[in-house]
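J.: predicted model follows, preceded by the sequence.
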Amino acid sequence: MPKQLIVAIDGPSGAGKSTLSKALAQRTGYTNIDTGAMYRSVALLASRRQIDPANEAALGSLCEDLAIDFIREGDRERVIVNGEDVSDAIRTPEVSLLTSRVAACPAVREAMVDLQRKMGEAGGVVLEGRDIGTVVFPQAQVKFFLSATAEERGRRRYEELRAKGLDVDLQQTIAEVEARDAADSAREHAPLKQAADAVVIDSTRMSIDAVLEEMVRIIARRREEVME
Ligand code: DC
């Protein structure tokens, strides 16, 4: 049993996972692993190399020479892929859509899950994704499933993209969130699914701070139980 916990945060896009896992990592001193950024990085490279997202063999070999690092610069987290800072490039709507397709490919999931297990097995990590509590670390001591209505999640994504100066449309952003939800939940391999032992938090009408405090309380309680 690792001395430090493995904290899994799953849920659909826009439920607040990124903000909350970064804030939790800062509060606990744990390392934050954004697994969505890993799948996004695969999609970005696939698009640059003009790999067809249906070409599993090509995607699998792309994953073999992929080095992903997360570095913290003040309160910003940067994603470095093969030495290049791709933090902004992986967040465009085009890459988001392509990521859903790439993330459905078994060879890609296998490679990413392996990497995630290596990064997290020693504990002291907060991993956010879709399949952390069900597939990557079913033995995680703390599992959260964050949710919110599709409309609220679309609105949050819209605000985020606008703040970055991107010219996006609210209704279209909500539609994209719904399309990605459907693809992520319906795919054959590791679909978005709540772990039976996850703590479910619906953040539709809760402030980020209120959710954060609840999560911190639950982690502290689990830490005491595990260390007893
Ligand atoms: O969390 P995000 O929006 O950055 O995720 C991007 C895409 O990657 C989304 O379509 C779901 C997929 N994903 C996944 O399949 N498994 C994960 N563990 C994390 C993300």
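T.: Structure received. Numbers count the residues shown, from 1 in each chain.
J.: what sits against Thr28?
T.: Shown in contact with Thr28 (C-beta atoms under 8 Å, 6 or more residues apart in numbering): Val7, Val126, Val216, Ile219. Glycine gets a C-beta too; all of them are placed from N, C-alpha and C.
J.: restricted to helices, list the residues you listed.
T.: Val216, Ile219 (DSSP state H).
J.: and of the contacts of Thr28, the nearest to the ligand?
T.: Val126 (13.1 Å; C-beta to the nearest ligand atom).
J.: was I right about the closest one contacting Gly29?
T.: No. Counting by C-beta atoms under 8 Å, Val126 does not reach Gly29; the two are 10.4 Å apart.
J.: neighbour count winner among the two?
T.: For Val126 versus Gly29, neighbours defined as other C-beta atoms under 10 Å are more numerous around Val126 (30 against 8).
J.: sorry, back to before: give me the common contacts of Val126 and Gly29.
T.: Counting by C-beta under 8 Å, 6+ apart, nothing touches both Val126 and Gly29.
J.: returning to what we had before: make TSV out of the contacts of Thr28 and add pLDDT and distance to the ligand.
T.: Formatted as TSV, the contacts of Thr28 follow (pLDDT from 0 to 100; distance: C-beta to the nearest ligand atom, whole Å):
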residue	pLDDT	distance to the ligand
Val7	97	14
Val126	97	13
Val216	96	22
Ile219	95	20
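J.: list only buried entries from the contacts of Thr28.
T.: Val7, Val126, Ile219 (16 or more other C-beta atoms under 10 Å).
J.: which pair of the contacts of Thr28 spans the longest distance?
T.: Using C-beta to C-beta, the contacts of Thr28 reach their maximum pairwise distance at Val126 and Val216, which is 11.5 Å.
J.: what is in contact with the two at once?
T.: What both Val126 and Val216 touch, as defined by C-beta under 8 Å, 6+ apart, is the set Leu24, Thr28.
J.: ok, now how distant is Val42 from Val81?
T.: Plainly put, Val42 is 9 Å away from Val81 if you go by C-beta to C-beta, to the nearest Å.
J.: who's more crowded, these two?
T.: Higher neighbour count among Val42 and Val81: Val42, with 26 against 21, using other C-beta under 10 Å.
J.: which residues touch the helix or strand harbouring that one?
T.: Using DSSP states H and E, Val42 falls within helix 35-48. Residues outside helix 35-48 that contact it (C-beta under 8 Å, 6+ apart): 13, 17-18, 53, 58-59, 62-63, 66, 68, 70, 79, 81, 86, 89-91, 94-96, 98-99, 101-103, 108, 112, 115-116, 127-130, 132, 136.
J.: narrow those to those in strands?
T.: Ile68, Phe70, Val79, Val81, Leu127, Glu128, Gly129 (DSSP state E).
J.: any idea what the fourth one is bridged to?
T.: Put plainly, it is Val81. Following DSSP bridges, Val81 is listed with bridge partners Ile68, Glu84.
J.: gap between it and Val125?
T.: 20 Å.
J.: how about whatever helix or strand Lys118 lives in: buried residues?
T.: Element membership of Lys118, judged by DSSP H and E, is helix 106-120. Within helix 106-120, the residues that count as buried by 16+ other C-beta under 10 Å are Ala107, Val108, Arg109, Ala111, Met112, Val113, Leu115, Gln116, Met119, Gly120.
J.: using TSV, please lay out the residues you listed together with pLDDT.
T.: Output for those, formatted as TSV (pLDDT from 0 to 100):
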residue	pLDDT
Ala107	97
Val108	97
Arg109	96
Ala111	97
Met112	97
Val113	97
Leu115	96
Gln116	97
Met119	94
Gly120	95
